[in-house]
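Novice: Give me a 3D structure for the following:
(2 chains)
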Amino acid sequence: MTPQILIIACLLLPVVGAVTSMTMRGHYAPALVAGIISFAASIILVVQTAGGHVFALHVGNWPAPYGVVLVVDGFAALMLAVCQLVLVASIIFATKTLSARFRRRHLYPLLCTLGLGANGAFLTGDLFNLYVWFEVLLLSSFAIMAIVPGKEARKATWRYVVINLIASLLFLIAAGLIYGKTGTLNFADLHRLFQKTEKSFLIESSSALLFGAFGIKAALIPLAFWLPRSYPQLPPAISALFAALLTKIGLYALYRIFGMVFVFDGAFPHQQLLFWLAIITMMGGVLGAVAQNDMRRILSFHIISQVGYMALALAIYSPLAISAGVFYLIHHIVVKGNLFLVTGLVEGHAGSSDLKKVYGIVRSSPIIAALFAVPALSLAGLPPLSGFFAKFALLKGSLELHQWAAAVAIISVGLLTIFSMLKIWSAAFWGDDLPETEPQPKVLLATSGALAAVTILLGLASGLFFRLANDAAHTLLDPSAYIRAVLGPTNPTLP
Amino acid sequence: MEFFVAVTIGILVAAGIYRLLGGCKVDIIIGLILLSQAANLIILASGGLKHNASALMDENTDPATLADPLPQALVLTAIVIGFGILAFLLTLLIRPSK
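Specialist: The predicted structure is shown next:
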């Protein structure tokens, strides 16, 4: 199959899934099938893009800088694959753990369109088109959040909607200004243009707006306070998807825009700012987590702290650090999604995720304990799990460039992460038997187990996955293959 | 022409931010609407403003006299998205509290 067909499949399948599910009164099966087939398609794309190949689809056959172009490179393909994986797991969890209210209000079509927005954001090669995909993604997530009943959830929805709309407006204004200054919105064309520009001064004001927009979406610390106030209100099946995907798509946009497009002489605007914000985000997130007493809240703060790691990888901006960052993104999406799903299992099993009320799960259900231990230890960075290799490569990248502050932050935040994971472990999993427990459905245990297996696989076969991440990082840092795929071999010049 | 559009954008952004900081939900919605109108104007102005110029291509006309069609296409998309979001925000505002 040609990559172009697979690109279309990744965008068309969620639409078909959403429409079919709507005609079946919100049944989950079409969404699940669409998710599984797009997962298969994205795995084939990962294989085809391995080795630094880039494929472009010129939509409507418009030549490149004028029309919308969809591009798949190693980075986009890897992100597509893990995104579908978590989406499928979350749909399976939603079928078993959520009330009929969610199905009546079209949860599964909305999950499909959420996946559509994510896939589009990964595949697009155009700044304004990226904005449109972000809106598809955001509106689906707004609607899903608005289903959750309860006063606190309504407040959380409002906060989430307003802050994200402000971010979108910043993005839109930046897109307008960049078009006014450069006359193009195509990533490849912008990159080519910036290579010829001597000064980044004019473009820096617009890129500051983009930085703010993606910073809010990725939850970098001065812009992250919406996250721990809204995510814990969501049921775990949904918060797993949100936690795994939404901030990471903000990070993907940061990598794509600042890592590849807005590059002037081997550096991008606001690189130093991103470096320090990343360190503050790592520290602030993990310290916030230490102070919490509920699994959902602890894990929400850990999202922020881990976002810091990935932003730091971008800010260090060496080939090794970017490879580490790409590997970290893949590892983190799987692990974070799984941790929230296990929180759902704990809630179903013991009736709460409050660490003061839950204890002794090791005795009542050793399987859930094991399912928690794998992603938790991986998040903390213990070998041989995937988190260790991600952190190790990032540490090596920072030491190579003598970034001592970054190295200290990586190690100390890792230790604090272990501390707060141990806090969950000793409170919820050790102790006396719980008086009442519910056995959990086998499907859910198997789903969570499959994600845990992926975590172990990412660790054990880290050589293979690191090679893929390395190829992805190379295409980001040296996008000549990307430009050739998008603009053609002749490099047409603009009038 | 550019001057007036620039001043309008400035006023819209200022008024939008003022309303956004108002605190109550209706204020926030009005602020977001004003800001999104400012963003739309920025996109429209980014292609350069020409008096009475059409965006339609014709082989005989000189391209320099034509308006840039791309910002017009972009701003249409942005307006539609902004409209959808406004509808969603109003639904959030009026939905019964139970």
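
Novice: At the contact with chain B, which residues of the stretch 101-250 of chain A appear?
Specialist: A:128, A:132, A:135, A:139, A:142-143, A:146, A:151, A:154, A:157-158, A:161-162, A:165-166, A:169, A:172-173, A:175-177, A:179-180 (CB under 8 Å from any CB of the partner chain). (Glycine included, C-beta is placed from N, CA and C.)

Novice: Just the buried residues out of the residues you listed, in ChimeraX syntax.
Specialist: The buried residues among these can be selected in ChimeraX (16 or more other CB atoms under 10 Å in any protein chain shown) with this line:
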select /A:128,132,135,139,142,143,146,154,157,158,161,162,165,166,169,172,173,175,176,177,179,180
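
Novice: Backbone dihedrals for residue A:220, please?
Specialist: Main-chain torsions, residue A:220, degrees, to the nearest 10: phi -80, psi 150.

Novice: Okay, residue B:41 and chain A: tell me how far apart.
Specialist: For residue B:41, the distance to chain A equals 9 Å [CB to the nearest CB, to the nearest Å].

Novice: Restricting to C-alpha, output the helix or strand hosting residue A:230 in CSV.
Specialist: Taking DSSP states H and E as the criterion, residue A:230 maps to helix A:227-230. What follows is the C-alpha trace of helix A:227-230 in CSV, where atoms were taken according to Å, rounded to 0.1, in the frame of the first residue of the first chain:
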residue,chain,number,x,y,z
LEU,A,227,-4.4,21.2,34.0
PRO,A,228,-4.4,19.9,37.6
ARG,A,229,-7.8,21.7,38.2
SER,A,230,-9.6,20.1,35.3
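
Novice: List the buried residues of it.
Specialist: Neighbour counts over helix A:227-230 (16+ other CB under 10 Å) mark A:227, A:228, A:229, A:230 as buried.

Novice: helices and strands around that helix, which ones?
Specialist: If you count contacts as 3 or more CB pairs under 8 Å, 6 or more residues apart in numbering or on different chains; DSSP states H and E, helix A:227-230 packs onto helix A:151-182, helix A:295-316.

Novice: for those helices, which one ends up most surrounded?
Specialist: Using mean count of other CB atoms under 10 Å in any protein chain shown, the stretch among the helices and strands packed on helix A:227-230 with the largest mean neighbour count is helix A:295-316, at a mean of 27.

Novice: immediately after it, which helix or strand?
Specialist: Scanning onward from helix A:295-316 (DSSP H and E), the first element met is helix A:319-350.

Novice: near chain A, which residues of chain B?
Specialist: So far as CB under 8 Å from any CB goes, chain B lies against chain A at B:20, B:25, B:28, B:32, B:35-36, B:38-39, B:42-43, B:45-48, B:63, B:70-71, B:74, B:77-78, B:81, B:84-85, B:88-89, B:91-92, B:95, B:97.

Novice: Show the buried residues in the residues you listed.
Specialist: B:20, B:28, B:32, B:35-36, B:38-39, B:42-43, B:45-47, B:70-71, B:74, B:77-78, B:81, B:85, B:88-89, B:92.

Novice: for chain B, which spans come out with low pLDDT?
Specialist: By pLDDT under 70, the low-scoring segments of chain B are B:57-58, B:96-98.

Novice: From residue A:447, how far off is the residue positioned nearest the centre of it?
Specialist: Chain B has residue B:40 as the residue nearest its centroid, 2.1 Å off, counting by CA atoms, centre = their mean. Distance from residue B:40 to residue A:447, counting by CB to CB, to the nearest Å: 44 Å.

Novice: And for residue B:66?
Specialist: Counting by CB to CB - residue B:66 and residue A:447 are separated by 56 Å.

Novice: who's more crowded, the two?
Specialist: Counted by other CB atoms under 10 Å in any protein chain shown, residue B:66 and residue A:447 do not tie: residue A:447 has more neighbours, with 22 against 15.

Novice: can you pull the contacts of the more buried one?
Specialist: Residue A:447 sits next to A:89, A:92, A:93, A:341 when contact means CB atoms under 8 Å, 6 or more residues apart in numbering or on different chains.

Novice: what do you get for residue A:248?
Specialist: Counting by CB under 8 Å, 6+ apart, residue A:248 makes contact with A:79, A:218, A:310, A:329, A:332, A:333.

Novice: Rebuild those as a markdown table, extending it with distance to residue A:238 and pLDDT.
Specialist: Listed next are the contacts of residue A:248 as a markdown table, based on distance: CB to CB, whole Å; pLDDT from 0 to 100:
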| residue | distance to residue A:238 | pLDDT |
| --- | --- | --- |
| A:79 | 20 | 94 |
| A:218 | 19 | 92 |
| A:310 | 22 | 94 |
| A:329 | 21 | 94 |
| A:332 | 18 | 94 |
| A:333 | 15 | 94 |
